[in-house]
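Asker: what follows is a predicted structure for the sequence shown.
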Amino acid sequence: MTCSMSDAMKPILFSFRGLFLAHILAGAPQVLAHTTIEYIAHACFVIESPSGTRVVIDPYNSSRWLGYSFPEEVRADAVLVTHPHYDHDASYYWSRDVPVFRAPGRYTVGDVSVRGLRGHHADPYGKEFGQRNTVWLIEAGGLRILHLGDNGPPSRELLAEFGRVDVLMPPVDDLDHILKADELAALRTELRPKIVLPMHYRLTAVSELPKSVGLIDEWLSTQPGVRRIEKDTARLSPFALPKDPEVWVLDPSAHVKPWDERLHQAWALRDDARNELKRGAADRALKLLQQANTTVPEAAVFAVELAELLAKAAHHQEAIGILERTLASGPHDWEYLNRGRILLAQLYASSGNRSGAAEQYRLVLRDSDRSEWLLEAERFLGDSAGASTR
(Lines give C-alpha, C1' and ligand atoms only; values in the text may rest on other atoms or scores of the structure.)
Protein backbone atom coordinates (compact mmCIF):
# COMPACT_ATOMS: atom_id res chain seq x y z
CA MET A 1 0.00 0.00 0.00
CA THR A 2 1.30 3.43 -0.92
CA CYS A 3 0.78 6.36 1.44
CA SER A 4 0.88 9.88 0.03
CA MET A 5 1.18 13.17 1.88
CA SER A 6 -1.76 15.57 1.70
CA ASP A 7 -1.10 18.94 0.13
CA ALA A 8 -2.04 20.58 3.41
CA MET A 9 0.68 18.70 5.34
CA LYS A 10 3.53 19.29 2.88
CA PRO A 11 4.23 22.96 3.77
CA ILE A 12 4.26 22.11 7.49
CA LEU A 13 6.72 19.22 7.10
CA PHE A 14 8.95 21.11 4.67
CA SER A 15 8.93 24.11 7.00
CA PHE A 16 10.04 21.89 9.92
CA ARG A 17 12.79 20.35 7.77
CA GLY A 18 13.91 23.81 6.71
CA LEU A 19 14.04 24.99 10.31
CA PHE A 20 16.02 21.91 11.36
CA LEU A 21 18.44 22.41 8.44
CA ALA A 22 18.83 26.08 9.37
CA HIS A 23 19.77 25.04 12.92
CA ILE A 24 22.42 22.68 11.58
CA LEU A 25 23.88 25.28 9.19
CA ALA A 26 23.95 27.85 12.00
CA GLY A 27 25.89 25.57 14.35
CA ALA A 28 23.07 23.35 15.58
CA PRO A 29 25.30 20.95 17.53
CA GLN A 30 25.78 23.68 20.13
CA VAL A 31 22.13 24.74 20.18
CA LEU A 32 20.70 21.23 20.28
CA ALA A 33 23.24 19.83 22.76
CA HIS A 34 22.70 19.95 26.48
CA THR A 35 23.56 22.68 28.95
CA THR A 36 24.54 21.33 32.36
CA ILE A 37 23.59 23.03 35.63
CA GLU A 38 25.51 21.85 38.68
CA TYR A 39 24.43 22.80 42.19
CA ILE A 40 27.37 23.34 44.50
CA ALA A 41 25.41 24.49 47.59
CA HIS A 42 23.69 27.56 49.08
CA ALA A 43 23.30 30.00 46.15
CA CYS A 44 26.18 28.64 44.06
CA PHE A 45 25.67 26.97 40.69
CA VAL A 46 27.97 26.09 37.81
CA ILE A 47 26.53 26.47 34.33
CA GLU A 48 28.40 24.55 31.65
CA SER A 49 27.55 25.31 28.04
CA PRO A 50 27.43 22.66 25.29
CA SER A 51 31.01 23.59 24.27
CA GLY A 52 32.31 23.25 27.85
CA THR A 53 32.42 26.90 28.93
CA ARG A 54 31.91 27.00 32.71
CA VAL A 55 30.43 29.96 34.58
CA VAL A 56 30.26 29.86 38.38
CA ILE A 57 27.62 31.96 40.15
CA ASP A 58 27.87 33.14 43.78
CA PRO A 59 30.63 31.00 45.33
CA TYR A 60 30.55 31.11 49.13
CA ASN A 61 33.17 31.24 51.87
CA SER A 62 34.16 27.89 53.41
CA SER A 63 34.62 28.99 57.01
CA ARG A 64 31.76 31.33 57.88
CA TRP A 65 28.11 30.82 58.84
CA LEU A 66 27.04 28.03 56.50
CA GLY A 67 28.64 25.09 58.28
CA TYR A 68 30.10 23.44 55.17
CA SER A 69 33.02 23.81 52.81
CA PHE A 70 33.37 25.10 49.29
CA PRO A 71 34.86 22.36 47.10
CA GLU A 72 38.47 22.73 46.03
CA GLU A 73 39.40 23.30 42.40
CA VAL A 74 36.01 24.08 40.89
CA ARG A 75 36.96 24.95 37.32
CA ALA A 76 35.64 28.26 36.04
CA ASP A 77 36.04 30.34 32.90
CA ALA A 78 34.29 33.23 34.67
CA VAL A 79 32.71 33.97 38.04
CA LEU A 80 29.50 35.95 38.52
CA VAL A 81 28.82 37.64 41.86
CA THR A 82 25.42 39.06 42.73
CA HIS A 83 26.59 41.02 45.80
CA PRO A 84 29.56 41.26 48.18
CA HIS A 85 28.36 39.14 51.08
CA TYR A 86 30.74 36.34 52.06
CA ASP A 87 28.10 33.68 51.33
CA HIS A 88 27.90 34.90 47.71
CA ASP A 89 31.35 36.29 46.92
CA ALA A 90 34.25 33.90 47.43
CA SER A 91 35.76 34.85 44.09
CA TYR A 92 39.21 34.78 45.74
CA TYR A 93 39.23 30.99 45.36
CA TRP A 94 40.31 31.52 41.74
CA SER A 95 43.39 33.21 40.36
CA ARG A 96 43.14 36.75 39.01
CA ASP A 97 43.32 35.26 35.50
CA VAL A 98 39.68 34.20 35.86
CA PRO A 99 37.39 37.18 35.14
CA VAL A 100 34.94 38.12 37.89
CA PHE A 101 31.83 40.10 36.96
CA ARG A 102 29.90 42.02 39.61
CA ALA A 103 28.49 45.07 37.88
CA PRO A 104 25.44 45.30 35.62
CA GLY A 105 26.30 45.04 31.94
CA ARG A 106 26.66 42.62 29.04
CA TYR A 107 29.47 40.07 28.94
CA THR A 108 30.48 37.15 26.72
CA VAL A 109 32.37 34.10 27.97
CA GLY A 110 33.00 31.58 25.21
CA ASP A 111 29.58 30.59 23.90
CA VAL A 112 27.81 31.94 26.99
CA SER A 113 26.11 35.35 26.94
CA VAL A 114 25.65 37.06 30.29
CA ARG A 115 23.62 40.11 31.19
CA GLY A 116 23.77 41.67 34.62
CA LEU A 117 20.75 43.72 35.67
CA ARG A 118 20.72 46.22 38.51
CA GLY A 119 18.58 44.89 41.35
CA HIS A 120 18.13 45.63 45.04
CA HIS A 121 19.14 43.40 47.95
CA ALA A 122 16.20 42.25 50.07
CA ASP A 123 15.62 44.28 53.22
CA PRO A 124 17.07 44.74 55.75
CA TYR A 125 20.40 43.33 54.60
CA GLY A 126 23.31 44.78 52.63
CA LYS A 127 23.00 48.39 53.69
CA GLU A 128 26.77 48.58 54.23
CA PHE A 129 27.21 48.45 50.42
CA GLY A 130 24.05 50.26 49.36
CA GLN A 131 22.01 47.03 48.97
CA ARG A 132 23.41 46.49 45.49
CA ASN A 133 22.45 43.15 43.94
CA THR A 134 23.15 42.22 40.34
CA VAL A 135 20.60 39.81 38.90
CA TRP A 136 22.25 37.57 36.31
CA LEU A 137 20.55 36.43 33.09
CA ILE A 138 22.66 33.71 31.46
CA GLU A 139 22.10 32.36 27.96
CA ALA A 140 23.77 29.03 27.16
CA GLY A 141 22.82 26.40 24.59
CA GLY A 142 19.56 28.20 23.82
CA LEU A 143 18.49 28.28 27.50
CA ARG A 144 17.79 31.46 29.44
CA ILE A 145 18.66 31.08 33.13
CA LEU A 146 17.90 33.76 35.73
CA HIS A 147 19.80 33.85 39.05
CA LEU A 148 18.30 36.32 41.53
CA GLY A 149 21.02 36.38 44.17
CA ASP A 150 19.49 37.96 47.27
CA ASN A 151 17.16 40.25 45.38
CA GLY A 152 13.90 41.30 46.94
CA PRO A 153 10.69 41.39 44.87
CA PRO A 154 11.77 42.86 41.49
CA SER A 155 10.40 46.22 40.43
CA ARG A 156 8.15 46.45 37.39
CA GLU A 157 11.04 48.02 35.49
CA LEU A 158 13.36 45.13 36.34
CA LEU A 159 10.73 42.53 35.46
CA ALA A 160 10.36 44.07 32.02
CA GLU A 161 14.09 43.51 31.41
CA PHE A 162 14.00 39.76 32.02
CA GLY A 163 12.16 38.59 28.91
CA ARG A 164 11.77 34.84 28.53
CA VAL A 165 13.05 32.81 31.47
CA ASP A 166 13.40 29.04 31.11
CA VAL A 167 15.08 28.34 34.45
CA LEU A 168 14.59 30.51 37.54
CA MET A 169 16.99 30.31 40.52
CA PRO A 170 15.29 32.06 43.47
CA PRO A 171 16.19 32.25 47.18
CA VAL A 172 13.43 30.53 49.12
CA ASP A 173 13.10 28.89 52.53
CA ASP A 174 10.45 28.28 55.16
CA LEU A 175 11.63 31.26 57.26
CA ASP A 176 11.27 33.70 54.33
CA HIS A 177 14.87 34.77 54.87
CA ILE A 178 15.10 36.61 51.53
CA LEU A 179 11.91 36.14 49.47
CA LYS A 180 8.52 35.38 50.98
CA ALA A 181 6.54 32.51 49.50
CA ASP A 182 3.85 34.81 48.11
CA GLU A 183 6.50 37.06 46.56
CA LEU A 184 8.02 34.09 44.76
CA ALA A 185 4.58 32.91 43.66
CA ALA A 186 3.87 36.31 42.12
CA LEU A 187 7.24 36.27 40.37
CA ARG A 188 6.59 32.82 38.90
CA THR A 189 3.19 33.94 37.66
CA GLU A 190 4.85 36.88 35.94
CA LEU A 191 7.82 35.05 34.41
CA ARG A 192 6.29 31.60 33.83
CA PRO A 193 9.62 29.68 33.98
CA LYS A 194 9.48 26.03 33.02
CA ILE A 195 11.85 25.05 35.84
CA VAL A 196 12.44 26.56 39.26
CA LEU A 197 15.70 25.60 40.99
CA PRO A 198 15.39 26.79 44.62
CA MET A 199 18.48 27.88 46.53
CA HIS A 200 19.64 29.65 49.70
CA TYR A 201 17.96 27.26 52.15
CA ARG A 202 19.42 25.08 54.90
CA LEU A 203 20.97 21.86 53.61
CA THR A 204 20.43 19.49 56.52
CA ALA A 205 21.96 16.60 54.58
CA VAL A 206 25.27 18.45 55.00
CA SER A 207 24.92 20.62 58.12
CA GLU A 208 22.45 21.83 60.74
CA LEU A 209 23.80 25.33 60.17
CA PRO A 210 22.95 28.10 59.58
CA LYS A 211 20.05 28.32 62.00
CA SER A 212 18.93 31.71 60.63
CA VAL A 213 18.07 30.15 57.26
CA GLY A 214 15.06 27.90 57.05
CA LEU A 215 14.44 24.51 55.54
CA ILE A 216 12.51 24.09 52.31
CA ASP A 217 10.16 21.22 53.12
CA GLU A 218 7.09 23.25 54.04
CA TRP A 219 7.36 25.37 50.89
CA LEU A 220 7.85 22.29 48.70
CA SER A 221 4.74 20.64 50.19
CA THR A 222 2.61 23.44 48.72
CA GLN A 223 4.11 23.29 45.23
CA PRO A 224 2.84 21.22 42.30
CA GLY A 225 5.28 19.49 40.01
CA VAL A 226 8.11 18.93 42.49
CA ARG A 227 10.93 16.66 41.29
CA ARG A 228 13.77 15.62 43.58
CA ILE A 229 16.60 14.96 41.15
CA GLU A 230 18.76 13.16 43.78
CA LYS A 231 22.00 14.26 42.17
CA ASP A 232 23.85 17.56 41.89
CA THR A 233 23.53 18.09 38.14
CA ALA A 234 20.79 18.51 35.58
CA ARG A 235 21.23 18.39 31.79
CA LEU A 236 18.83 20.63 29.94
CA SER A 237 17.88 21.45 26.37
CA PRO A 238 15.49 24.18 25.21
CA PHE A 239 13.75 21.53 23.10
CA ALA A 240 13.09 19.19 26.05
CA LEU A 241 11.75 21.41 28.80
CA PRO A 242 8.76 20.31 30.89
CA LYS A 243 5.39 21.05 29.35
CA ASP A 244 4.05 22.26 32.71
CA PRO A 245 6.11 24.25 35.24
CA GLU A 246 8.14 22.15 37.65
CA VAL A 247 10.27 22.66 40.76
CA TRP A 248 13.52 20.71 40.61
CA VAL A 249 15.43 20.08 43.85
CA LEU A 250 19.09 19.27 43.26
CA ASP A 251 21.38 17.67 45.80
CA PRO A 252 24.42 19.72 46.81
CA SER A 253 27.74 18.69 45.33
CA ALA A 254 29.19 15.50 46.75
CA HIS A 255 32.43 17.45 47.26
CA VAL A 256 30.79 19.77 49.81
CA LYS A 257 31.77 18.61 53.29
CA PRO A 258 30.58 19.59 56.79
CA TRP A 259 32.91 21.70 58.89
CA ASP A 260 35.47 19.74 60.83
CA GLU A 261 35.55 19.88 64.62
CA ARG A 262 38.33 22.48 64.64
CA LEU A 263 36.17 25.04 62.91
CA HIS A 264 33.15 24.34 65.10
CA GLN A 265 35.38 24.73 68.15
CA ALA A 266 36.90 28.00 66.91
CA TRP A 267 33.48 29.55 66.28
CA ALA A 268 32.28 28.45 69.72
CA LEU A 269 35.34 30.14 71.27
CA ARG A 270 34.69 33.29 69.28
CA ASP A 271 31.04 33.39 70.35
CA ASP A 272 32.10 32.92 73.98
CA ALA A 273 34.56 35.79 73.55
CA ARG A 274 31.77 38.07 72.36
CA ASN A 275 29.68 37.15 75.38
CA GLU A 276 32.61 37.91 77.68
CA LEU A 277 33.01 41.31 76.04
CA LYS A 278 29.34 42.08 76.69
CA ARG A 279 29.99 41.33 80.36
CA GLY A 280 33.04 43.59 80.32
CA ALA A 281 35.54 40.76 80.73
CA ALA A 282 38.00 41.88 78.04
CA ASP A 283 40.91 39.81 79.39
CA ARG A 284 38.85 36.63 79.26
CA ALA A 285 37.65 37.50 75.75
CA LEU A 286 41.22 38.05 74.63
CA LYS A 287 42.27 34.59 75.80
CA LEU A 288 39.31 32.97 74.05
CA LEU A 289 40.10 34.74 70.75
CA GLN A 290 43.73 33.68 71.07
CA GLN A 291 42.53 30.09 71.38
CA ALA A 292 40.25 30.46 68.37
CA ASN A 293 43.05 31.94 66.27
CA THR A 294 45.43 29.16 67.31
CA THR A 295 42.80 26.52 66.51
CA VAL A 296 42.09 27.82 62.97
CA PRO A 297 44.89 30.24 62.00
CA GLU A 298 43.93 30.12 58.32
CA ALA A 299 40.57 31.89 58.88
CA ALA A 300 41.02 35.67 58.99
CA VAL A 301 37.92 36.22 61.12
CA PHE A 302 39.60 35.04 64.31
CA ALA A 303 42.93 36.77 63.69
CA VAL A 304 41.35 40.11 62.79
CA GLU A 305 39.00 40.15 65.78
CA LEU A 306 41.95 39.22 68.02
CA ALA A 307 44.01 42.05 66.54
CA GLU A 308 41.15 44.49 67.08
CA LEU A 309 40.93 43.55 70.74
CA LEU A 310 44.71 43.82 71.13
CA ALA A 311 44.66 47.26 69.51
CA LYS A 312 41.99 48.44 71.93
CA ALA A 313 44.20 47.26 74.78
CA ALA A 314 47.09 49.32 73.30
CA HIS A 315 49.09 46.20 72.35
CA HIS A 316 49.76 47.74 68.96
CA GLN A 317 52.91 45.87 67.93
CA GLU A 318 51.36 42.52 68.77
CA ALA A 319 48.27 43.44 66.72
CA ILE A 320 50.47 44.54 63.80
CA GLY A 321 52.37 41.26 63.88
CA ILE A 322 49.18 39.17 63.81
CA LEU A 323 47.72 41.21 60.96
CA GLU A 324 50.90 41.12 58.88
CA ARG A 325 51.13 37.33 59.18
CA THR A 326 47.43 36.81 58.47
CA LEU A 327 47.11 39.18 55.52
CA ALA A 328 50.21 37.67 53.89
CA SER A 329 48.47 34.29 53.78
CA GLY A 330 45.14 33.49 52.22
CA PRO A 331 42.82 33.42 50.53
CA HIS A 332 40.56 35.27 52.97
CA ASP A 333 37.01 36.47 52.63
CA TRP A 334 36.76 40.05 51.40
CA GLU A 335 35.11 41.43 54.53
CA TYR A 336 37.75 40.32 57.02
CA LEU A 337 40.59 40.84 54.57
CA ASN A 338 39.70 44.51 54.17
CA ARG A 339 38.72 44.89 57.81
CA GLY A 340 42.23 43.70 58.66
CA ARG A 341 43.75 46.06 56.11
CA ILE A 342 41.87 49.03 57.57
CA LEU A 343 43.09 48.24 61.09
CA LEU A 344 46.65 47.64 59.89
CA ALA A 345 46.61 50.95 58.01
CA GLN A 346 45.41 52.75 61.14
CA LEU A 347 48.10 51.11 63.27
CA TYR A 348 50.80 51.90 60.72
CA ALA A 349 49.67 55.52 60.53
CA SER A 350 49.64 55.93 64.30
CA SER A 351 53.20 54.56 64.48
CA GLY A 352 54.42 56.92 61.76
CA ASN A 353 54.58 54.36 58.94
CA ARG A 354 52.53 56.39 56.47
CA SER A 355 53.85 54.59 53.40
CA GLY A 356 52.74 51.25 54.89
CA ALA A 357 49.35 52.75 55.72
CA ALA A 358 48.99 54.11 52.18
CA GLU A 359 49.71 50.67 50.73
CA GLN A 360 46.97 49.09 52.82
CA TYR A 361 44.47 51.82 51.94
CA ARG A 362 45.19 51.39 48.23
CA LEU A 363 44.38 47.68 48.56
CA VAL A 364 41.13 48.59 50.32
CA LEU A 365 40.20 50.89 47.43
CA ARG A 366 40.91 48.08 44.98
CA ASP A 367 39.03 45.30 46.76
CA SER A 368 36.40 46.67 49.16
CA ASP A 369 32.73 47.54 48.69
CA ARG A 370 32.17 49.11 52.14
CA SER A 371 31.39 52.79 51.75
CA GLU A 372 32.86 53.85 55.10
CA TRP A 373 36.16 52.07 54.41
CA LEU A 374 36.39 53.56 50.95
CA LEU A 375 35.84 57.04 52.34
CA GLU A 376 38.50 56.51 55.00
CA ALA A 377 41.00 55.26 52.41
CA GLU A 378 40.27 58.12 50.00
CA ARG A 379 40.58 60.67 52.79
CA PHE A 380 43.95 59.33 53.95
CA LEU A 381 45.39 59.03 50.43
CA GLY A 382 44.06 62.46 49.53
CA ASP A 383 45.61 64.03 52.61
CA SER A 384 48.90 62.21 51.93
CA ALA A 385 48.96 63.45 48.33
CA GLY A 386 48.25 66.99 49.51
CA ALA A 387 51.01 66.81 52.11
CA SER A 388 53.54 65.60 49.53
CA THR A 389 52.91 68.65 47.32
CA ARG A 390 53.32 71.18 50.11
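Answerer: Arrived safely. Numbers count the residues shown, from 1 in each chain.
Asker: contacts, neighbours, all on C-alpha from now
Answerer: Noted.
Asker: next, the distance between the ends of stretch 58-71.
Answerer: Distance across stretch 58-71, first residue to last, is 13 Å (C-alpha to C-alpha, to the nearest Å).
Asker: if you count neighbours, what's buried in it?
Answerer: 58-64, 66-71 (16 or more other C-alpha atoms under 10 Å).
Asker: need the max-distance pair from those residues.
Answerer: Greatest spacing in those, by C-alpha to C-alpha: Asp58 and Gly67 (16.6 Å).
Asker: strands of this structure, start to end?
Answerer: 35-41, 44-48, 54-57, 78-80, 100-101, 105-109, 112-120, 132-140, 143-147, 167-169, 195-196, 226-228, 233-236, 246-249 (DSSP state E).
Asker: so what's the gap between the second one and the chain middle?
Answerer: Using C-alpha atoms, centre = their mean, to the nearest Å, the distance from the centre of strand 44-48 to the centre of the chain it belongs to is 11 Å.
Asker: residues in contact with it?
Answerer: 35-40, 54-60, 88, 140 (C-alpha atoms under 8 Å, 6 or more residues apart in numbering).
Asker: of those, closest to Ala303?
Answerer: Using C-alpha to C-alpha, Tyr60 comes nearest to Ala303 of the contacts of strand 44-48, at 19.9 Å.
Asker: distance check, the closest one against Val296.
Answerer: From Tyr60 to Val296 the distance is 18 Å (C-alpha to C-alpha).
Asker: can you check Ile37 too?
Answerer: In terms of C-alpha to C-alpha, Ile37 sits 33 Å off from Val296.
Asker: and Asp111, by the same measure?
Answerer: 41 Å.
Asker: quick one: which of Ile37 and Val296 has more around it?
Answerer: The neighbour count for Ile37 versus Val296, taken as other C-alpha atoms under 10 Å, is higher for Ile37 (22 against 19).
Asker: surely Asp251 is in contact with Lys231?
Answerer: Yes: between Asp251 and Lys231 there is a contact at 5.0 Å, judged by C-alpha atoms under 8 Å.
Asker: I'd like a version of the buried residues of stretch 58-71 in a markdown table, one that adds distance to Phe45 as further columns.
Answerer: A markdown table is the format used below for the buried residues of stretch 58-71 (distance: C-alpha to C-alpha, whole Å):
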| residue | distance to Phe45 |
| --- | --- |
| Asp58 | 7 |
| Pro59 | 8 |
| Tyr60 | 11 |
| Asn61 | 14 |
| Ser62 | 15 |
| Ser63 | 19 |
| Arg64 | 19 |
| Leu66 | 16 |
| Gly67 | 18 |
| Tyr68 | 16 |
| Ser69 | 15 |
| Phe70 | 12 |
| Pro71 | 12 |
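Asker: residue ranges for the helices of the stretch 151-300 of the chain, please.
Answerer: Ranges of helices within the stretch 151-300 of the chain are 156-162, 181-191, 217-221, 261-278, 282-295, 300-312, based on DSSP state H, counting those that start in this stretch.
Asker: now for the last one, which elements pack on it?
Answerer: Here helix 300-312 touches helix 282-295, helix 316-328, helix 334-350, going by 3 or more C-alpha pairs under 8 Å, 6 or more residues apart in numbering; DSSP states H and E.
Asker: buried ones in the first one?
Answerer: Read that as helix 282-295. Within helix 282-295, the residues scored as buried using 16+ other C-alpha under 10 Å are Ala282, Arg284, Ala285, Leu286, Leu288, Leu289, Gln290, Gln291, Ala292, Asn293, Thr295.
Asker: can you list contacts of that helix?
Answerer: Against helix 282-295 from outside (C-alpha under 8 Å, 6+ apart): 262-263, 265-267, 269-270, 272-277, 299, 302-303, 305-306, 309-310.
Asker: recalculate using a threshold of 7 Å.
Answerer: Arg262, Ala266, Leu269, Arg270, Ala273, Arg274, Glu276, Leu277, Phe302, Ala303, Leu306, Leu309 (C-alpha atoms under 7 Å, 6 or more residues apart in numbering).
Asker: what about the first one, neighbour count?
Answerer: Using other C-alpha under 10 Å, Arg262 is surrounded by 12 other residues.
Asker: surely Leu143 meets Pro238?
Answerer: Yes: using C-alpha atoms under 7 Å, Leu143 is in contact with Pro238, at 5.6 Å.
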